[in-house]
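**Q** Give me the fold of what follows.
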Amino acid sequence: MAGFLLTPCGNVHLVEMCRQGKQNADMFTFMLEMAGTIAFAASGAMVGAQRGMDIFGVCVLGVVTAVGGGATRDIILGIVPPGMFQDPLYTIVATVTSCIVFAVMYWKQELLEGGNRL
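**A** Below you'll find the model as predicted:
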């Protein structure tokens, strides 16, 4: 009974289940953040590639589209340096995604335009 009163989940087994549930929720949130970062980086990179930019321009557009809003928010809130520099994983993922989009848009352009139709 003392364990029930001292732990928020009830007993030791439930405490362990709560920890695993929190880890699962954290992993789910992380996966959603990565999916959003990839989607926004791809979106910005596609615009840059369609405008005929080189790889540097495409990467800048992809990274700014993916993490620029969060960096702006952090600076307005006084969080310096912004999160994109504290944990560069999101910036790295956005850069790699932008490079992949650049490669696909420039080297497989006729495939994307449907030029190989029968």
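**Q** And the strands in the chain?
**A** Applying DSSP state E to the chain gives no strands.
**Q** Using neighbour counts, pick out the buried residues of the longest helix seen in it.
**A** Selection of the longest helix in the chain by residue count, based on DSSP state H, yields helix 12-50. Within helix 12-50, the residues that qualify as buried by neighbour count (16 or more other CB atoms under 10 Å) are T37, I38, F40, A41, A42, S43, G44, A45, M46, G48, A49. Placement of C-beta: from N, CA and C, glycine included.
**Q** next one: stretch 61-74
**A** For stretch 61-74, a neighbour-count test (16+ other CB under 10 Å) marks L61, G62, V63, V64, T65, A66, V67, G68, G70, A71, D74 as buried.
**Q** from these, which single one is nearest T29?
**A** Within these, the smallest distance to T29 is 14.4 Å, found for G70 (CB to CB).
**Q** Next, the contact list for the residue nearest the centre of the chain, please.
**A** Nearest residue to the geometric centre of the chain (CA atoms, centre = their mean): T37, 2.5 Å. By CB atoms under 8 Å, 6 or more residues apart in numbering, the contact set of T37 is A66, V67, Y90, V93, A94, T97.
**Q** Let's see which of those end up in helices.
**A** Using DSSP H, the members of these that fall within helices are A66, V67, Y90, V93, A94, T97.
**Q** Find the residue ranges of the protein scoring beneath the pLDDT cut-off.
**A** Under the criterion pLDDT under 70, the flagged ranges of the chain are 1-18, 110-118.
**Q** ok, 90 please
**A** Low-confidence segments of the chain, defined by pLDDT under 90, are located at 1-26, 50, 52, 83-84, 87, 105-118.
**Q** For G78, what are phi and psi?
**A** Note on G78: backbone dihedrals following degrees, to the nearest 10 are phi 80, psi 20.
**Q** go on, V80?
**A** Summarising the backbone geometry of V80 under the convention degrees, to the nearest 10, its torsions are phi -120, psi 130.
**Q** just P81 next, same as before
**A** Backbone torsions of P81, given as degrees, to the nearest 10, read phi -70, psi 160.
**Q** And it, how far from V63?
**A** 15 Å (CB to CB, to the nearest Å).
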